[in-house]
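A.B. asks: Provided below for reference: sequence and predicted model.
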Amino acid sequence: MPVVDTSAWSLALRRPTTIFTPREADIRDALKSFTTTGQAILIGAVRQELLSGIRDIQVFTRQREWLSDMDDEPCSIADHERAAEFSNELRRRGMQPDPVDMLVCAVASRLEMPILTTDPDFERYAAHLPITLHELSRRTQ
């Protein structure tokens, strides 16, 4: 059961399937499997990122309705504080992490669940934070 980052949701919801690499197709398929079985973990800040910047109201409405079937994993004060700690640690190491990415990492760390993402920044984060990334099948890595 992974915590799903904005990049994976965006890939599945916004990209035409005709331009997927094999790895991207595997990520989309994994996300589809997790959402079908109710095992994908969504946080509110990721929901907001997904719905922000959609200019076409019909596309916005369609994506909002699709996401409305999913509950958000609650984020506590401790999650936000842990996200800040993670951010500070990475900044000391010369990185400029995104605040929502850090919240995803904090929630995944608390739940001891992997993160499903297409964002290569998470590989760098995983080298320094107590997080794991969802592993795909060997054929696409």
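C.D. replies: That came through, no problem. Numbers count the residues shown, from 1 in each chain.
A.B. asks: Name the spans of this structure whose pLDDT lies under the cut-off.
C.D. replies: Residue ranges of the chain with pLDDT under 70: 137-141.
A.B. asks: quick one: the strands in it?
C.D. replies: Remark: strands assigned in the chain by DSSP state E are 3-4, 115-116.
A.B. asks: winner for burial among the ones you listed?
C.D. replies: Mean neighbours per residue, mean count of other C-beta atoms under 10 Å, is largest over those for strand 3-4, with a mean of 28. For glycine as for every other residue, the C-beta is placed from the backbone atoms N, C-alpha and C.
A.B. asks: Who are the packing partners of it?
C.D. replies: helix 99-111, strand 115-116 (3 or more C-beta pairs under 8 Å, 6 or more residues apart in numbering; DSSP states H and E).
A.B. asks: Off-centre distance for it?
C.D. replies: 4 Å (C-alpha atoms, centre = their mean, to the nearest Å).
A.B. asks: Next up, the contacts around the closest residue to Phe34 other than its chain neighbours.
C.D. replies: Leaving aside its sequence neighbours, Phe34 sits nearest to Ala40 (C-beta to C-beta, 6 or more residues apart in numbering; 3.9 Å). Applying C-beta atoms under 8 Å, 6 or more residues apart in numbering to Ala40 gives the contacts 1-2, 4, 31, 34, 70, 116.
A.B. asks: which ones among those are found in helices?
C.D. replies: 31, 34 (DSSP state H).
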